[in-house]
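K.L.:
Sharing a sequence plus its predicted fold:
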Amino acid sequence: MTATTVATPAAPVIKPHVTVPEGLAQTLTLAWRTIVQVRHNPWELGDYSIQPIMFVLLFTYVFGGAIAGSTGEYLTFALPGIIVMNMLFVTMYVGMGLNTDLTKGVFDRLRSLPIARWAPLAGRILADQAKQAWSIFLLLAVGMILGFRIGTSMASLLAAVVVLLTFALAFSWVSVLVGVLAKDPERVQLFGFTALFPVTFVSNVFVPIDSMPGWLQAWVKINPVTHLSDAARGLMVGGPAAESVLWSLVWAALIAGVFAPLSLYALRRRV
């Protein structure tokens, strides 16, 4: 007689329920993981620091006199816009980092742990906010060394930073979608920066709208980068800012409302 062995089906693995406070703690841990990676890749910090400083110096001392008549006047006009432009460029690193985690399997290993499903993505975006804040205050410090002065109040300056970080948080979802869809980090960088250049340069970041042809002004006036630059100038230098701030927040809500669901849908399909 031969014994018959009955295979016992393996019990399904049930992940423990993760509460919201636990998920937030995991998000902070993963955000810190992303930030400390700069220590092992100092060139990444250079992208946040050296490149924007070069933009400030280049446009102030090469083009400032020709555009505004003096470097001091141009710095007052251009620095808030350069901060906006740099903020948009920095958001692309969210997609590049996410794509690296996806292609190298890091994201899969994180999802296999008993952590909230949204913690890895939230941690990546939260770390980007810290890098954004660093870039904003670095450019303000460099600008003040060169002669830029806040023409409003500390409360208005903090309001400008809040508006900028809110828009950066919303725009990060565009980078997340690119990072999920792209095959490798190089493609994220190529597509992201190629798409950002016309949006940022065809705005009032570097020159006033009045100096542009009439057919181009129509696009510049509805460009969200223009509204955000005007909001930053009004809150930092002085002048009307309420309408620009409102439009900046409206654009942020629209961008997040469109790209956040698309990003999460694409991420679920990929992983």
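P.N.:
All right, it came through fine. Residues are numbered from 1 along each chain as shown.
K.L.:
CA only for contacts and neighbour counts going forward, please
P.N.:
Fine.
K.L.:
Give me the residue at the spatial middle of the chain.
P.N.:
Geometric centre of the chain, nearest residue: T91, 2.6 Å, by CA atoms, centre = their mean.
K.L.:
Might you report the residue contacts of that residue?
P.N.:
128, 168, 171-172, 175 (CA atoms under 8 Å, 6 or more residues apart in numbering).
K.L.:
if you set the cut-off to 6 Å instead, what comes out?
P.N.:
S172 (CA atoms under 6 Å, 6 or more residues apart in numbering).
K.L.:
Name the next helix or strand downstream of the worst-scoring helix or strand of the chain on mean pLDDT, please.
P.N.:
Using mean pLDDT, DSSP states H and E, helix 106-111 stands out as the lowest-scoring helix or strand of the chain, at a mean of 75. Downstream of helix 106-111, the first helix or strand assigned by DSSP states H and E is helix 119-146.
K.L.:
For that following helix, which helices and strands make contact with it?
P.N.:
helix 20-40 (3 or more CA pairs under 6 Å, 6 or more residues apart in numbering; DSSP states H and E).
K.L.:
Now do the helix it packs on: which elements does it pack against?
P.N.:
helix 119-146.
K.L.:
Going C-terminal from the helix it packs on, what's the next secondary structure element?
P.N.:
Moving toward the C-terminus from helix 119-146, the next element (DSSP H and E) is helix 154-181.
K.L.:
Can you list the buried residues in that following helix?
P.N.:
Within helix 154-181, the residues that qualify as buried are 156-157, 159-161, 163-181, counting by 16 or more other CA atoms under 10 Å.
K.L.:
Burial check on the residue lying closest to W251 once chain neighbours are set aside, number of neighbours?
P.N.:
Leaving aside its chain neighbours, W251 sits nearest to P224 (6.4 Å; criterion: CA to CA, 6 or more residues apart in numbering). For P224, the neighbour count with other CA atoms under 10 Å is 22.
K.L.:
what's the answer for M54, then?
P.N.:
The number of residues near M54, taken as other CA under 10 Å, comes to 11.
K.L.:
do L79 as well
P.N.:
L79: 28 neighbours (other CA under 10 Å).
K.L.:
same deal with R33?
P.N.:
Around R33 there are 14 residues (other CA under 10 Å).
K.L.:
now do the one 3 residues further on
P.N.:
V36 is flanked by 12 other residues according to other CA under 10 Å.
K.L.:
remind me which residues of this protein are low pLDDT?
P.N.:
1-17, 42-44, 47, 271 (pLDDT under 70).
K.L.:
The host helix or strand of F193 - contacts with which helices or strands?
P.N.:
Secondary-structure assignment from DSSP H and E places F193 in helix 185-201. Where contact means 3+ CA pairs under 6 Å, 6+ apart, helix 185-201 is packed against helix 71-103.
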